[in-house]
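Student: Below is the sequence, then the predicted model.
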Amino acid sequence: MSAHDTRIAGGPDSGAAALPEAWRDHCAAMLRARGWLAGQPERFREQILRMIVPMHAPRSMPVFSVDGPAGGIYGIVSGGIGIEGSGPYNVPRLGHILRAGSWFGHGPAMSGRDHRVQNMRAMEDSELVYVPLAPLRALLETDAQAARCVGTIADGGNILGTRVISDLLIPSVPHRIAAVLLRVTGAEEGIEPHHPEGFIISQSDLGEMANVSRSNVNRVLGDFARAGWITKHYNRLRIRDTAALQGFAASQV
């Protein structure tokens, strides 16, 4: 069951609309200030924010899945949404975690496609907003500026894809893990976890995203913790010294 289907997670076409107006205002304020929507023209920003439905996605719940029904776009208010990619020679594998301010799910709105082509799941309890497909498509069909703005989500995805490839091509395991950690926590954008012990990132998930064994992840994270760059707890990580970790990741170049 996906966030698009269930009222428990704030089903976008049903119970979520009844959430307190103050919570909608909180979501809108954060999205005006950070990420893709913050960089769009004010008129378009307000058009999108009038359509948002706040949602809650519990940890491990799919937001949508490959070949699932088409839907609208999602924005992340807090938490993290994992992107699972696959190809003809691989099973779906976790590649990245989107953080607050990121938007995703634009494919059906832009292409007219009737299904999804990725797996997206909540890596921890996450607060999202959803813009339903029908009013979004209506806006894009009548407003050229709005179509260009939504199209920039795809441009951001291309930039992210290039970063993922670049990180995975780092030959040194410790440096590769450092680069991946910086990317998937959003530390370089100043994103802070709500939990004092950090974001939920298991060593297995980090190993999958960095293409490294769990034992190597454990060893490298121990080194980073002793250096004071991170703190780690059971399935949680927090970056304490972003500049030091960036310097280390860059030192392999």
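Tutor: Cool, got the structure. Residues are numbered from 1 along each chain as shown.
Student: Check what contacts the helix of greatest length in the chain and list those residues.
Tutor: Assignment by DSSP state H gives helix 144-168 as the longest helix of the chain. With contact meaning C-beta atoms under 8 Å, 6 or more residues apart in numbering, helix 144-168 is reached by 36, 39-41, 43-44, 47, 73, 95-96, 103-104, 106, 109-110, 136, 139-140, 176, 179-180, 183, 210-211. To be clear about C-beta, it is placed using only N, CA and C from the backbone, and glycine gets the same treatment.
Student: Dihedrals phi and psi, Val53?
Tutor: When read as degrees, to the nearest 10, the backbone of Val53 gives phi -120, psi 110.
Student: From Ala243, how far out is it?
Tutor: Between Val53 and Ala243 the distance, using C-beta to C-beta, to the nearest Å, works out to 38 Å.
Student: Neighbour count: those two, which is higher?
Tutor: Val53 (22 against 9; other C-beta atoms under 10 Å).
Student: In terms of pLDDT, where does the more buried one sit?
Tutor: At Val53, the predicted lDDT confidence score is 92.
Student: Then His4?
Tutor: 44.
Student: got it, and Arg7?
Tutor: 33.
Student: Tell me if Glu84 really is in a strand.
Tutor: Yes: using DSSP: H, G, I helix; E, B strand; the rest coil, the assignment for Glu84 is a strand.
Student: the longest strand in the chain is where?
Tutor: The residue-count maximum for a strand in the chain (DSSP state E) belongs to strand 90-98.
Student: ok, it: who's next to it in the sheet?
Tutor: Strand pairing for strand 90-98, determined by DSSP bridges: strand 81-87 (antiparallel).
Student: Quick one: work out the angle between the strand it pairs with and helix 144-168.
Tutor: 70 degrees (axes from the mean of the first three to the mean of the last three C-alpha atoms, to 10 degrees).
Student: where do the helices sit along the stretch 101-250 of the chain?
Tutor: Counting by DSSP state H, counting those that start in this stretch, the stretch 101-250 of the chain has helices at residues 107-111, 133-142, 144-168, 173-185, 203-210, 214-226, 242-250.
Student: quick one, which of the ones you listed is packed in tightest?
Tutor: With neighbours taken as mean count of other C-beta atoms under 10 Å, the helices of the stretch 101-250 of the chain reach their highest mean count in helix 173-185, at a mean of 23.
Student: Please name every helix or strand in contact with that helix.
Tutor: When contacts are defined as 3 or more C-beta pairs under 8 Å, 6 or more residues apart in numbering; DSSP states H and E, helix 173-185 sits against strand 90-98, helix 144-168, helix 203-210, helix 214-226, strand 236-239, helix 242-250.
Student: Can you add distance to Ser126 and mean pLDDT and give the ones you listed back as CSV?
Tutor: Below are the helices and strands packed on helix 173-185 laid out as CSV (distance: least, C-beta to C-beta, whole Å; pLDDT from 0 to 100):
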stretch, distance to Ser126, mean pLDDT
strand 90-98, 9, 94
helix 144-168, 18, 95
helix 203-210, 15, 97
helix 214-226, 23, 97
strand 236-239, 15, 96
helix 242-250, 22, 97
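Student: could these go into a markdown table alongside distance to Ile81?
Tutor: Putting the helices and strands packed on helix 173-185 into a markdown table (distance: least, C-beta to C-beta, whole Å) gives the following:
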| stretch | distance to Ile81 |
| --- | --- |
| strand 90-98 | 5 |
| helix 144-168 | 13 |
| helix 203-210 | 13 |
| helix 214-226 | 21 |
| strand 236-239 | 17 |
| helix 242-250 | 22 |
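Student: surely Asp205 meets Met123?
Tutor: Yes: counting by C-beta atoms under 8 Å, Asp205 touches Met123, with 7.3 Å between them.
Student: Dead centre of this protein: give me the residue that sits there.
Tutor: Geometric centre of the chain, nearest residue: Leu98, 1.6 Å, by C-alpha atoms, centre = their mean.
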